[in-house]
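K.L.:
here is a sequence with its predicted model. Questions after.
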Amino acid sequence: MSRCRTLFSTSLLCLLLAGCAGAPRMDAPVNADWQARHALLEALTLWEFTGRIGVRDDKESHSSRIRWQQQGENYVINLWGTLNAGATEITGRPGEVILEQEGEPRLTAATAEDLVREQLGYELPVAQLTYWIKGMPAPAGQSSPTFNAENHLIALEQDGWLVQYLGYTNYAAESMPTRIRIEKPPLRLDFVRLDWTLQTSTPIAP
């Protein structure tokens, strides 16, 4: 039962998506015009990234490699290298989320939020992550963004969650976050070493 809970918590929490918070590292220029940058990010619906994710709460912590592919409302998230857990694939489309893991029963739910709630009882902002991970507020709900002197987004408060952007790197026509911390105590998610591809030649199957 303990191992099962560990596998569930690792996989489901990583759906959503270390180090000390501080001034974000800017490896390349970020568009100083926030309205123009926001419009570009909003129009960006075909993307993927690879990197690492750390998940920590008041009881345990996990770390794994992650690959997230997004095409409109459809996504595929692959996780591997997590303790003793097998490779995990999470496929999402409107009205259905499927979680498949080596050696475990296949799980389905109407939404990722439902899957997390049913298995672990956590409240996690899975839908908002699709926007936060790109460096922008989710369209639903009030948000309080914080900018630095160059008008770069460095922090965002929304729906009781704090999102901190600790690094950006330039990809194609836009700079994308490469290090993000998302937290609502006791839960904390750290996305690090994100390597973005803003167009993919292999669309996700509908």
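P.N.:
Structure received. Numbering: from 1, shown residues only.

K.L.:
got the end-to-end distance for stretch 143-155?
P.N.:
10 Å (C-alpha to C-alpha, to the nearest Å).

K.L.:
outside of that stretch, which residues touch it?
P.N.:
Residues from elsewhere that reach stretch 143-155, judged by C-beta atoms under 8 Å, 6 or more residues apart in numbering: 23-24, 26, 30, 32-34, 135-137, 156-158, 162-165, 168. Using the backbone N, CA and C atoms, a C-beta is placed for each residue, glycine as well.

K.L.:
please redo it, this time with the cut-off set to 6 Å
P.N.:
Pro24, Val30, Ala32, Trp34, Gly135, Pro137, Leu156, Glu157, Gln158, Gln164, Tyr165 (C-beta atoms under 6 Å, 6 or more residues apart in numbering).

K.L.:
from the chain's centroid, how far away is stretch 179-198?
P.N.:
6 Å (C-alpha atoms, centre = their mean, to the nearest Å).

K.L.:
what's the answer for stretch 154-169, then?
P.N.:
With C-alpha atoms, centre = their mean, you get 12 Å for stretch 154-169.

K.L.:
cool, and stretch 101-108?
P.N.:
Worked out by C-alpha atoms, centre = their mean, stretch 101-108 lies 21 Å from the chain centre.

K.L.:
buried residues, that stretch. List them.
P.N.:
Buried residues in stretch 101-108, counted by 16 or more other C-beta atoms under 10 Å: Gln101, Leu107.

K.L.:
ok, now stretch 142-156?
P.N.:
Within stretch 142-156, judged by 16+ other C-beta under 10 Å, the buried ones are Ser143, His152, Leu153, Ile154, Ala155, Leu156.

K.L.:
ok, stretch 163-171 next?
P.N.:
Val163, Gln164, Tyr165, Leu166, Gly167, Tyr168, Thr169, Tyr171.
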